[in-house]
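Asks: sequence plus predicted model, see below.
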Amino acid sequence: MYQYSRAIYRSIRDLIDPYAAPEVRLEYRRAVLEQCEQTMERLAADPLYFAKPERALFQDIRRYFPITCQAQVNWAVQAGVTAAVEFIQGQIESGALDGGVARCRATTSKGKPCQRTPLPDRDYCPSHQHLERTKVAA
């Protein structure tokens with residue numbers, strides 16, 4: 001995930017407010033890098049429960065850029081976060097995350113993640129299979 005956060009940062013670092021004082025620009029760069037890293041860490045730690053990570057990251061860093069560059073920053077953030085999400089989804093599907101063992105996507109009645117193994121080619125265990133979205137026949 002380090003590579004994704006650094007790639008996002010490298011693509012937008014030169015767009016940081018050019019009219020700010022040099023020491024302020026340095027502080028802005030540090031803040032942007034920190035936000036990129038925090039977003040990627042959260043995405044790696046809990047990918048299934050982080051809704052719209054690209055929006056969250058852009059909202060956190062947009063104040064460091066002039067209004068004329070925000071569309072370009074938003075595009076770079078979306079591209080970088082989308083690539084990271086696709087990578088994580090591939091890791092989850094291959095079973096590389098969570099110790100190589102697939103886990104049910106449901107939560108228990110106490111609010112904790114279900115620890116059971118899902119059915120083959122499914123996201124949920126036998127106890128939670130009713131949560132699986134049914135495919136509509138066309």
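Replies: Arrived safely. As the structure is a prediction and not an experimental result, all values here were calculated from the model. Residues are numbered from 1 along each chain as shown.
Asks: for the rest of this, base every contact and every neighbour count on C-alpha atoms.
Replies: OK.
Asks: which stretches of this protein aren't confidently modelled?
Replies: For the chain, the stretches with pLDDT under 70 are 94-102, 134-138.
Asks: show me where it has its helices.
Replies: Listed in chain order, the helices of the chain (DSSP state H) span 2-12, 22-45, 53-61, 70-94.
Asks: just list what the longest one packs against, helices and strands only.
Replies: It stands for helix 70-94. The helices and strands touching helix 70-94, judged by 3 or more Cα pairs under 8 Å, 6 or more residues apart in numbering; DSSP states H and E, are helix 2-12, helix 22-45, helix 53-61.
Asks: which one of the helices of the chain lies nearest to residue 110?
Replies: Nearest to residue 110, of all the helices of the chain, is helix 22-45, at 20.7 Å by Cα to Cα.
Asks: I'd like to know which elements the closest one is packed against.
Replies: Using 3+ Cα pairs under 8 Å, 6+ apart, helix 22-45 is in contact with helix 2-12, helix 53-61, helix 70-94.
Asks: contact partners for the most centrally placed residue in the chain?
Replies: When Cα atoms, centre = their mean is applied to the chain, the residue found nearest the centroid is residue 43 (3.8 Å). Counting by Cα atoms under 8 Å, 6 or more residues apart in numbering, residue 43 touches 50, 53, 85.
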